[in-house]
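Student: give me coordinates for this.
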Amino acid sequence: MKDMWLKNKKGVVTPNSFKKSLSTFAPQFGGNRQHDAQELLAYLLDGIHEDLNRVKKRPYIEDKDCDGKNDEMDAKEAWANYLRRNKSLVVDLFQGQFRNTCSCQQCGHQNIRFEPSMYLSLPITDSCQSLEDCLNVYLEEEELTGDNRWYCEKCKEHTDATKKTDLWVLPPILIIHLKRFKCDAHGRAGRKNDAVLQYPIT
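Tutor: Next up, the predicted model:
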C-alpha cells in the first residue's frame, strides 16, 4: 500500500511477500490459481475485523423475529445487539443493515429480520445497463416455491412465500459485488457476463 499510494511510483506493484504471507494463513489463496477479488476482500476484512474487534467477551444474543409494526425500534435494537458482539473500524466503515421480509402466501404471516451486511452482491440480467438497474433487480420481490418454499411458523409447514430485501442503513463505504457469472438450473457457474454497466462517479 505504501508503494502504491505514498511513493507515487509508476508501473506495476507486485505484492509477492504479501501473497506469500497470506497463503500461510489462507492456503486457498496459495499457488497461481485465479480467485475472485470479492472472496479475497471478504477474507481480509473479516480477519481485520476479528483482530480489531473491541469486544473481548461476546454475549449470546438470540436473533429476533419482527412483525413490521415498529420497524424503527426493531432496527435500532437489532443494531445495538450486533454492536454488543462486534465493534471495530471495519464495522464503522463498511457495515450497514438490511431489512429482510418473508411473507407466507397461504396465511399472510410475515417474518421480518434486521441483519448486518458488509457486501451488496448485485445480479446482472440481460436487461441491465447500469448499476441502478442491477440494484432494482436485487430489490425485487422473490417468489419462494417448490424446493425453496419457506417454513411458516404460523402454518407449521413449508408454504409458498415471497422474500424481499430492503436497504435499511447504508455504511459510509459501500462495497458492491457484481455477480458476473451466470448459473445454470443446478446452481453451477457458467459463462461470464461481460456486460458494460454505467455507474455514477460521484
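
Student: can you map out the helices along this structure?
Tutor: 2-5, 16-25, 37-52, 71-83, 89-94, 131-138 (DSSP state H).

Student: any stretches of the protein with poor pLDDT?
Tutor: 1, 3-4, 7-10, 183-190 (pLDDT under 70).

Student: my read: residue 111 touches residue 101, true?
Tutor: Yes. Residue 111 is within contact range of residue 101, at 7.3 Å (criterion: CB atoms under 8 Å). Where C-beta positions appear, they are placed from N, C-alpha and C, glycine not excepted.

Student: so for those two, which residue has more residues nearby?
Tutor: residue 111 (20 against 17; other CB atoms under 10 Å).

Student: hey, what's the more buried one bridged with?
Tutor: residue 102 (DSSP bridges).

Student: let me see the contact set for it.
Tutor: 65-66, 101-103, 153 (CB atoms under 8 Å, 6 or more residues apart in numbering).

Student: can you check residue 100 too?
Tutor: 112-115, 163-166.

Student: pick out the most distant pair among the residues you listed.
Tutor: 114 and 163 (14.9 Å; CB to CB).

Student: so the two - more neighbours on which side?
Tutor: For residue 114 versus residue 163, neighbours defined as other CB under 10 Å are more numerous around residue 114 (23 against 15).
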